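1. any chance you could fold what I've pasted below:
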Amino acid sequence: MKANKKFINGEEEAVSAVIGVILMVAITVAIAATVYVYVSGMIGGTATKTSTLSMNLFSQNDAADTRIWLVSGIEGEAILNTSYNAVVLNASGEVDAATITFNEVTGAGYVNAGDTFTIVASGDGYFTFMLSDTATGSTIYKSPQAKY
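-> Reported below is the predicted structural model:
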């Protein structure tokens, strides 16, 4: 059997086998850690996103200071009837003493398209109708400013 002359002469130096194995293990661990961090970011958290509503002014009665907002669509998870706060803000952003009534059409216990919110104003001026999530405080819906 013929041997390669490079190995016979001993002129070439190489990394020892032990150091080579240690380097390969270190590189493998680094790659595995990188892949773990990348994948855990994708599957790690199931952050809940606040649902949002789209609503339209359905009808208004200026004599009675009444506005009815119609739920025209919902994006995200269904909104349980008990999981939101409904408020009317006056022109300066303070909570107004308006009366807000939720009129559920579907009877499912959730806010759905076709349901309405009736607002009876407590005074004259401009107002903003707002729904927020009770758990997170995030805004579900905020109307443009309207006149009582």
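2. low-confidence ranges, this structure, go.
-> Across the chain, residues meeting the criterion (pLDDT under 70) sit at 1-12, 42-49, 123-124, 146-148.
3. in it, where's the longest helix?
-> Looking across the chain with DSSP state H, the single longest helix is helix 17-43.
4. in it, what counts as buried?
-> By neighbour count on 16 or more other Cβ atoms under 10 Å, the buried set for helix 17-43 is empty. Yep, even glycine has a C-beta here, placed from its N, CA and C like the rest.
5. over to stretch 99-113?
-> I100, V111, N112.
6. circling back to that earlier point, next helix or strand past the longest helix of the chain?
-> Using DSSP states H and E, the helix or strand that directly follows helix 17-43 along the chain is strand 52-61.
7. helices or strands up against that next one?
-> Here strand 52-61 touches strand 66-75, strand 139-142, going by 3 or more Cβ pairs under 8 Å, 6 or more residues apart in numbering; DSSP states H and E.
8. want to throw those into TSV with mean neighbour count?
-> As requested, these are exported to TSV (neighbours: other Cβ atoms under 10 Å):
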stretch	mean neighbour count
strand 66-75	18
strand 139-142	18
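9. could I get those in CSV, plus columns for distance to Y36?
-> Shown next, in CSV, are those (distance: least, Cβ to Cβ, whole Å):
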stretch, distance to Y36
strand 66-75, 33
strand 139-142, 36
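10. looking at those strands, which is nearest to S92?
-> strand 139-142 (15.6 Å; Cβ to Cβ).
11. what comes into contact with that closest one?
-> 50-55, 79, 84, 128-133 (Cβ atoms under 8 Å, 6 or more residues apart in numbering).
12. how far out from the middle of the chain is that strand?
-> 12 Å (Cα atoms, centre = their mean, to the nearest Å).
13. then that strand to CSV, C-alphas only?
-> Taking C-alpha atoms only, strand 139-142 is exported to CSV below (Å, rounded to 0.1, in the frame of the first residue of the first chain):
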residue,chain,number,x,y,z
THR,A,139,-60.0,50.7,22.0
ILE,A,140,-62.5,48.5,20.1
TYR,A,141,-64.3,51.4,18.4
LYS,A,142,-64.1,55.2,18.5
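14. if anything else comes up later, I'll come back, but that's it for now.
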